[in-house]
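[1] Sharing a model prediction with you, sequence too.
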Amino acid sequence: ESVSLVDEVFADHPGFAAMDFATRDRYRHRVEELARGSGRSEVEVARAALALAHAPPAGDALEPTMAARHGDPGYYLVADGYAALERALVSRVPLVARLRRALLRRATLGYPAAIALVTAAVLAVPVALSAVAAGPGGALGLGLVVVASLAVLPASDLAVAVVNRAIARWLGPRLLPRLELVDGVPSELRTLVVVPTLLAGEADVEAQVGRLELHYLANRDGDLRFALLTDWLDAATEHLPGDEDLLSAAGAAIDRLNARHGEAPGGGARFLLLHRQRSWNEAEGTWMGWERKRGKLEELNALLRGSTATRFLVTGRSASTPPADVRYVVTLDADTRLPPGAVRRLVGTIAHPLNRPAFDPRTGRVGHGYGVLQPRITPTLPPEHEASFFQRTFAGAAGIDPYASAVSDVYQDLFREGSFTGKGIYDVDAFHAAMAGRVPENALLSHDLFEGTFA
C-alpha cells in the first residue's frame, strides 16, 4: 500500500485510511475491474471516483447521512453509484455482471417467479408419469388433480432449496465496508452492550454478572459500556417479599465490577444495572415488566435520549444512570457469547458512511444503510456431558471465530436485508425513529422480525 499509486490518489479522501484492509482492498479490486473495462489506467479510474465523491450534489442539498454516503468514493465503486462512474468512464460491463444486476433489480418479482417455475418443472414429472400410467383411454381429470395437489408442497419445498442454492452460488455474500477503529471505539461512537434478563434468584444474578464481565474482558476496545436490563418475575402484586434483596444483590455485584475494572473512558460507570419496576397488564392479569423484552429496548432507547417517563428505577447511583450520547446499542441474549473484538468490528461496520442508516419519514423505515446489523451467529459446541447427540451433530466447530468470515444468506444476498433474530447492533436514533409508537400494547411478543423489517 505504501507504493500503490491508487492508494496515493485515495489518500486525498480523509476517510480512506480509516477503513480496514479488506475494505480498502475491495475498493482497489473494483478500480482494477473498471480499468480493464474502460481501457483507462487505474489511477484515472481512482481519480474519476474521487471527483464524483467531491462533486456537489445535483438539485437540493442532501441530508448529512446521505451526503456522507455520496461523499465516499466507495459509493461509486461498490455501492449504488457504480452506474454513474461507469458512464463517466464509458466502461464496458460484462454480460454476466449485467445479468446479475438485472436479477438484483427485479429480485422481488424474480425470486418467487423462479420458485414457481422450478415447482412446475418438478410437478411435471409425477403428472406426466400419471398420464402415461393411465394410458390412452384412462381417466385423467380427477386423478391428476389429486396427484398434483399431493405433490405441490414437497415440490415447492424442493424448489425453494434449489433456488436458494443457486442464488448463494451465483451471487455469494458481499462484505460490508468497515472502519478499522485501530484505537478502539471512540467516544463519538459510544456503544452500550446490553443483556435483557430477569432477576430470578441470587445464583442467576451472579451468573449474569459474571457473563457481563466476560463480555467486557473480550471487548475492551474504547468507549464501551456494559449493562444488565432487568425486570422482576411476573407477580400477582406489584411487590413481592425478596424483590429488594434481589435488586440489592445485583447492584452490589455490579458495583464490585466497577471497583475492579475502574471507570469507562470519558468517565462514569463502565458496568450498569438498569432495572424496571412492574406495571399492571390487564390483558395478562399480572404485574410484569412492560411489554417484556421489546419494552425493555423501547424504554432503553427513550432513556438514552433523555426521557424521564420510562419505568426504569431512578436510584441516583452512577451504575443506574446510562452515559450521555450513546450512539449504538449491542443487544444480546443471556446465553450469547461475544468473541474477542466482536463489538469493535460491529461498530466499525455500522459506522462506515456506506452503512449508516438514513431514516425515511415518508415510509417510516430506514431507506438506505442499516439501522440494525446482525453478524453470523452459530451455536457453540457444548461439553460432551451436557450435549445430546442432536446438539453435537448440529453445533458449530469449537475454537473457530464465527465472525471472521462472510457467510451467504439468501435474503441478504438478494434483497440486501436479512432476518433479525434479536442479537446484533443497532443505531439508537434510527431504531427509535422506526419503532416508536408503531406497535400497540399487548399486540406483539416475538418482535425481532418486525423490528428488522423497519430498521
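    Yep, it's here.

[2] List the contacts of the residue most central in space within the chain.
    Nearest to the geometric centre of the chain sits L373, at 1.8 Å (Cα atoms, centre = their mean). Contacts for L373 (Cβ atoms under 8 Å, 6 or more residues apart in numbering) come out as L176, L346, T349, I350, N355, G424, I425, Y426. Where C-beta positions appear, they are placed from N, C-alpha and C, glycine not excepted.

[3] Inside helices: which ones of these?
    For these, membership in helices holds for L346, T349, I350, with DSSP state H as the criterion.

[4] Give the burial count for the second one, as a bare number.
    Other residues within reach of T349, judged by other Cβ atoms under 10 Å, total 22.

[5] what are the bridge partners for the residue nearest to the centre of the chain, then?
    Residues in a beta bridge with L373, per DSSP bridges, are I425.

[6] ok, R30 touching Y75?
    No: in this structure, R30 is not within contact of Y75 by Cβ atoms under 8 Å, at 11.5 Å.

[7] Now for L189, how many residues are close by?
    For L189, using other Cβ under 10 Å, the count is 21.

[8] I'd like the distance between it and Y328.
    L189 sits 7 Å away from Y328, going by Cβ to Cβ, to the nearest Å.

[9] which residues are in contact with both of these two?
    Listed as contacting both L189 and Y328 by Cβ under 8 Å, 6+ apart are V347, A351.

[10] quick one: which of the ones in helices among the contacts of L373 is nearest to L5?
    Comparing these against L5 with Cβ to Cβ places T349 closest, at 28.2 Å.

[11] May I see the buried residues of stretch 143-158?
    Residues of stretch 143-158 classed as buried by neighbour count (16 or more other Cβ atoms under 10 Å): L144, V147, A151, A155, S156.

[12] Kindly report the same for stretch 219-237.
    Neighbour counts over stretch 219-237 (16+ other Cβ under 10 Å) mark 219, 221-233 as buried.

[13] In CSV, please show the C-alpha coordinates belonging to it.
    Presented in CSV, the C-alpha positions along stretch 219-237 are these (Å, rounded to 0.1, in the frame of the first residue of the first chain):
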residue,chain,number,x,y,z
ASN,A,219,-14.1,-6.4,24.2
ARG,A,220,-12.1,-3.7,26.0
ASP,A,221,-11.6,-1.6,22.9
GLY,A,222,-12.5,2.0,23.6
ASP,A,223,-15.7,3.7,24.9
LEU,A,224,-17.8,0.7,25.6
ARG,A,225,-20.3,0.3,28.5
PHE,A,226,-22.0,-3.0,29.6
ALA,A,227,-25.4,-3.2,31.2
LEU,A,228,-27.9,-5.7,32.5
LEU,A,229,-31.5,-4.7,31.6
THR,A,230,-33.6,-6.4,34.3
ASP,A,231,-37.2,-7.0,35.3
TRP,A,232,-38.6,-8.9,38.3
LEU,A,233,-40.5,-12.0,37.6
ASP,A,234,-44.3,-11.7,36.9
ALA,A,235,-46.3,-11.5,40.1
ALA,A,236,-49.9,-11.2,41.4
THR,A,237,-48.9,-8.0,43.2
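
[14] so how far is it from its chain's centroid?
    For stretch 219-237, the separation from the chain centroid amounts to 20 Å (computed by Cα atoms, centre = their mean, to the nearest Å).

[15] if you average pLDDT over it, what comes out?
    When pLDDT is averaged over stretch 219-237, the result is 95.

[16] Extract the CA atoms of stretch 270-290 and return them as PDB.
    C-alpha atoms of stretch 270-290 as PDB (Å, rounded to 0.1, in the frame of the first residue of the first chain):
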ATOM      1  CA  ARG A 270     -18.400   1.000  33.000                       C
ATOM      2  CA  PHE A 271     -21.000  -1.500  34.200                       C
ATOM      3  CA  LEU A 272     -24.600  -0.600  34.700                       C
ATOM      4  CA  LEU A 273     -27.800  -2.100  36.200                       C
ATOM      5  CA  LEU A 274     -30.900  -0.700  34.600                       C
ATOM      6  CA  HIS A 275     -34.000  -2.200  36.300                       C
ATOM      7  CA  ARG A 276     -37.600  -1.600  35.600                       C
ATOM      8  CA  GLN A 277     -40.500  -1.700  38.100                       C
ATOM      9  CA  ARG A 278     -43.500  -3.800  37.400                       C
ATOM     10  CA  SER A 279     -46.700  -2.400  35.800                       C
ATOM     11  CA  TRP A 280     -50.200  -3.900  35.700                       C
ATOM     12  CA  ASN A 281     -51.000  -5.700  32.500                       C
ATOM     13  CA  GLU A 282     -54.800  -6.000  32.100                       C
ATOM     14  CA  ALA A 283     -54.600  -8.500  29.200                       C
ATOM     15  CA  GLU A 284     -52.500 -11.000  31.100                       C
ATOM     16  CA  GLY A 285     -53.900 -10.300  34.500                       C
ATOM     17  CA  THR A 286     -50.500  -9.900  36.100                       C
ATOM     18  CA  TRP A 287     -47.800  -7.400  37.300                       C
ATOM     19  CA  MET A 288     -44.900  -7.600  34.900                       C
ATOM     20  CA  GLY A 289     -42.200  -5.700  33.100                       C
ATOM     21  CA  TRP A 290     -44.000  -3.500  30.400                       C
END
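
[17] average model confidence for that stretch?
    Confidence over stretch 270-290 (mean pLDDT, whole number) is 95.

[18] Equivalent analysis for stretch 40-58, please.
    Across stretch 40-58, pLDDT averages out at 92.

[19] what about it, distance to the chain center?
    Chain-centre distance of stretch 40-58: 31 Å, with Cα atoms, centre = their mean.

[20] now do stretch 423-441
    In terms of Cα atoms, centre = their mean, the centre of stretch 423-441 is set 13 Å apart from its chain centre.
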